[in-house]
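# no sequence on hand, only this structure:
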Ligand SMILES: Nc1ncnc2c1ncn2[C@@H]1O[C@H](COP(=O)(O)OP(=O)(O)O)[C@@H](O)[C@H]1O
Ligand SMILES: [Mg+2]
């Protein structure tokens, strides 16, 4: 038997989601999707992401796209919640709701649903597609590959924007715990300034110590931004710590970061 355990819908999106058939959770749970990325499989569970155009008959510039993430028996146990086994999208739903009011940019949450069927637990989460933004890693590669030698300024500005997004999350008492460059979506405005929107908050939580947030999120970002040179990594840390000269405590922290620069 199919049983809905939780359903949350952004009220202004309800009719659009209904028209697209996305409120019939049981039928969505049985749908075969074209995956945006190959689904993750772990210990008998799976989790996949698909991009859906809600109005495919509209002309391309009027089409509205969403990202639907759907999973079954895909759990994550976080130490901060006594290793309680929870669906990772239930965690992401909590994190998106807690952080949306306190950070400048988050994916717009449209729907969350959780269900149970024949002893299996499922959930889905729908966010509005981020239009005009690009994952930091893709953007950085384009910059580094471009023949233009005068690209250091945009890179430094983009790094400042990502660092400021990390600071906002940490100041709110949260850490992302999946702060890969592919999860930091950036956009450059007409003045050359950047904004950053963080996605994939399945592992986000409220660590007990703020240094843990810094070490986890800052070092993961630097470690996986393999195209950044030492100077750029230092610039990222200066922006994150809001300082020109690192204190001894900051230097100790930086030295603990795998993938961090030498300071
Ligand atoms: N709202 C969104 N806007 C744009 N791209 C998105 C959005 N949500 C997900 N994606 C894309 O789908 C990929 C997978 O989504 P993510 O939330 O990272 O799920 P997973 O848990 O499978 O890693 C992301 O790396 C990103 O490229
Ligand atoms: Mg991801």
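Cool, the structure landed. Note that this is a predicted model, so its numbers are computed, not measured. Ligands and ions are numbered 1, 2, ... in the order given.
# so residue 116 sits in a strand?
Yes: the assignment for residue 116 is a strand, going by DSSP: H, G, I helix; E, B strand; the rest coil.
# pick out the residue of the stretch 151-263 of the chain closest to ligand 1.
Taking CB to the nearest ligand atom, ligand 1 has its nearest neighbour within the stretch 151-263 of the chain at residue 200, 3.3 Å off. (C-beta placed from N, C-alpha, C; glycine too.)
# would you map the strands across the stretch 51-200 of the chain?
All strands of the stretch 51-200 of the chain, identified by DSSP state E, counting those that start in this stretch, fall at 65-72, 75-77, 85-87, 109-117, 120-128, 134-135, 184-188, 194-198.
# can you pull the buried residues of the fifth one?
Which is strand 120-128. 121-128 (16 or more other CB atoms under 10 Å).
# which one of these sits closest to ligand 1?
residue 127 (4.0 Å).
# quick check: that closest one touching residue 107?
Yes: if you go by CB atoms under 8 Å, residue 127 and residue 107 touch, sitting 3.8 Å apart.
# is it possible to get CSV of the buried residues of strand 120-128 that adds distance to residue 99 and pLDDT?
Output for the buried residues of strand 120-128, formatted as CSV (distance: CB to CB, whole Å; pLDDT from 0 to 100):
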residue, distance to residue 99, pLDDT
121, 24, 96
122, 24, 97
123, 19, 98
124, 20, 98
125, 14, 98
126, 17, 98
127, 13, 98
128, 16, 98
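# can you narrow those residues to ones near ligand 1?
residue 127 (CB under 6 Å from any ligand atom).
# and the furthest pair within the buried residues of strand 120-128?
Farthest-apart pair in these is 121 and 128; separation 25.6 Å (CB to CB).
# now the least confident helix or strand in the chain by mean pLDDT: buried residues?
When each helix and strand of the chain is scored by mean pLDDT, DSSP states H and E, strand 75-77 comes last, with a mean of 84. Neighbour-count burial for strand 75-77 flags 75-76 (criterion: 16+ other CB under 10 Å).
# same thing with stretch 25-43?
25, 28-29, 39.
# pick the one among those closest to ligand 1.
residue 39 (7.7 Å).
# part of a strand, is the closest one?
Yes: counting by three-state DSSP, residue 39 is found in a strand.
# what residues does the stretch 1-150 of the chain put near ligand 1?
Within the stretch 1-150 of the chain, the positions near ligand 1 by CB under 6 Å from any ligand atom are 36-37, 40, 47, 49, 67, 69, 107, 127, 129-130.
# just how off-centre is stretch 101-118 within its chain?
12 Å (CA atoms, centre = their mean, to the nearest Å).
# what's the first-to-last distance across it?
By CA to CA, to the nearest Å, the extent of stretch 101-118 from end to end equals 37 Å.
# hang on, the earlier thing: out of the buried residues of strand 120-128, which is nearest to residue 171?
residue 127 (22.9 Å).
# who are the neighbours in contact with that closest one?
66-67, 96, 107-110, 199 (CB atoms under 8 Å, 6 or more residues apart in numbering).
# and the gap between it and residue 16?
Note on residue 127: its distance to residue 16, by CB to CB, to the nearest Å, is 14 Å.
# geometric centre of the chain: which residue is closest?
Residue closest to the average C-alpha location in the chain (CA atoms, centre = their mean): residue 199, at 1.6 Å.
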